[in-house]
Structures are given as C-alpha cells and as structure tokens.
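Asks: just coords:
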Ligand code: MG
C-alpha cells in the first residue's frame, strides 16, 4: 500500500510539473509571437511626450517587448557621435558643421537634448535580453561607431544598416562578423541578394515598394542565408502582408499597435 501511495504522489508531482512547464511554454510563445520581428523606427516615439531618436523613445521601445529599435547616427564637427535623422537641425544649422558644445543648447520638440551615441549605448546596457539596437549610419566614421559599441560591450546587441555603400563595405571590411544590412529605396539603388551575399552582407533592408516590386528577393535572400527587413510599414494589414511574404523583420512607426496574428 505504501508503495502504491508513493507511486501515486510521484505521478501527481509529475503531472503538476508538466502543467507548469506547459503553461510557461504557452506564455513564452504568446509573448514572442506578439511583436516578433518588429523594429521600432527611430525608437517608439509615436507616443505622448517622446520624440524620434531620443533617450525616451529608446526607453519606450525597450519596454514594449519588440525585437529592437532603429536609430540614426551622425557626427559633429569635433567628432562626437549623436542621434539625429536629418543633416540639419530645425533651426537650419548642419550637425556636421557644429561642435558638440554648440549642440547642447538645442532641444528636441519634446524638450529633450539630442542624445549622444554613448548615452544611447549606456541605456542599451539595461535593455531586455535579446533586444537589438539597429544602428543606421548616416554621416559618421564607422570605426568610431564600432569602437563605441565595443567599449560598452554591446557587440551582440547591435546590427548595422546604411544607404551608403561605402559605409556598409567599410563595416564589413572592419569585421566580417558584424551584422550589416544594406538599405535601398528602389531597384536603381538596390543590390540583388546574390550580390549582397558575395559582398559579405548579413541581410537586406529594403523599402516596402521595392519588396513589393521584387517579392522573389525574399525567398532568394533566405536561400542564401540572408536576413530580410522591410521599412517603413505603418499599417497592420501591410505588416501582415510582408510577414506572409516571409520577411524576418518589419520596421514601423506603430510598434505598439501591431499584434501578430
Ligand atoms: Mg533611419
């Protein structure tokens, strides 16, 4: 009888253990599918009190549970890396012609200062596990960017993108293991998946209109082991269209709205 009781309680424990493991699995799979592959374009800025390419927009993106956040990196005249999309501030001054000191009086529309790349990397050190910073190189020394990433020990948490072919090729020449994807808006400027593979790229990061014109590139890229990202897709039905096409990542201004079906 005692033996039977032991077997019975062992069976109950195993059953409970199985239920706990199974529930955790379900919870995890729900969480990863909800926003999987979503990249917040210039951070999650499309919300009260934030602005694109700011510390708050990165913080917001980190809290969302998305794949990662994109950002734009430029360099001041005296070589400080900062986040800003346009070549000129709203007051007309060119970022590349200002010393960093001259930039410190400038405020983004939400009142934040233009963040330095170092401040962004410091914040990234507290990012959730697996969260990625997608660094778009605008006008900046790629070596400086890579050195900063290394200084903060974030090599595994970043990916690089650029429209500038030389920026991309310089990054690959610096370290062939860097994840570098090429940005293109139209066929005229695009490299085919085969060309990208031959040049050592990690992936392609093409506009929605370009991938709609060349949908076969998604499969071709995957056959070659390349990653496929599409930008900037701001309607849920369009995001769904690109996931059905098979893209790996979607860059969007509505990272909080989209829920993967
Ligand atoms: Mg960008």
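Replies: Good, I have the coordinates. What you are looking at is a predicted structure, and each value in this text was computed from that prediction instead of being measured.

Asks: what number of residues are in the vicinity of the residue in the stretch 101-250 of the chain that the ion sits nearest to?
Replies: Across the stretch 101-250 of the chain, the shortest distance to the ion (Cβ to the ion) belongs to residue 136, at 3.9 Å. In short, each C-beta sits where N, CA and C put it, glycine included. Neighbour count of residue 136, defined by other Cβ atoms under 10 Å: 26.

Asks: which residues are contacting the host helix or strand of it?
Replies: Assigned by DSSP states H and E, residue 136 belongs to strand 132-137. Identification of contacts with strand 132-137 by Cβ atoms under 8 Å, 6 or more residues apart in numbering yields 39, 58, 67-73, 120-121, 124, 127, 145, 149, 154, 157-162, 164, 167, 171, 183, 251.

Asks: just give the nearest non-adjacent residue to residue 256, would you?
Replies: Excluding its sequence neighbours, the residue lying closest to residue 256 (Cβ to Cβ, 6 or more residues apart in numbering) is residue 64, at 5.9 Å.

Asks: past the lowest-mean-pLDDT helix or strand in the chain, which element shows up next along the chain?
Replies: Using mean pLDDT, DSSP states H and E, the weakest-scoring helix or strand in the chain turns out to be helix 2-34, at a mean of 60. Using DSSP H and E, the next helix or strand after helix 2-34 towards the C-terminus is strand 38-40.

Asks: against which helices or strands is that next one packed?
Replies: Other elements packing on strand 38-40 under the criterion 3 or more Cβ pairs under 8 Å, 6 or more residues apart in numbering; DSSP states H and E are helix 55-64, strand 68-75, strand 249-252.

Asks: most packed of the ones you listed?
Replies: Neighbour counts (mean count of other Cβ atoms under 10 Å) averaged over each of the helices and strands packed on strand 38-40 peak at strand 249-252, with a mean of 27.

Asks: so what strands line up beside it?
Replies: Sheet pairing for strand 249-252, assigned by DSSP bridges, gives strand 38-40 (parallel), strand 227-231 (parallel).

Asks: of the ones you listed, which approaches residue 11 most closely?
Replies: Nearest to residue 11, of all those, is strand 38-40, at 42.7 Å by Cβ to Cβ.
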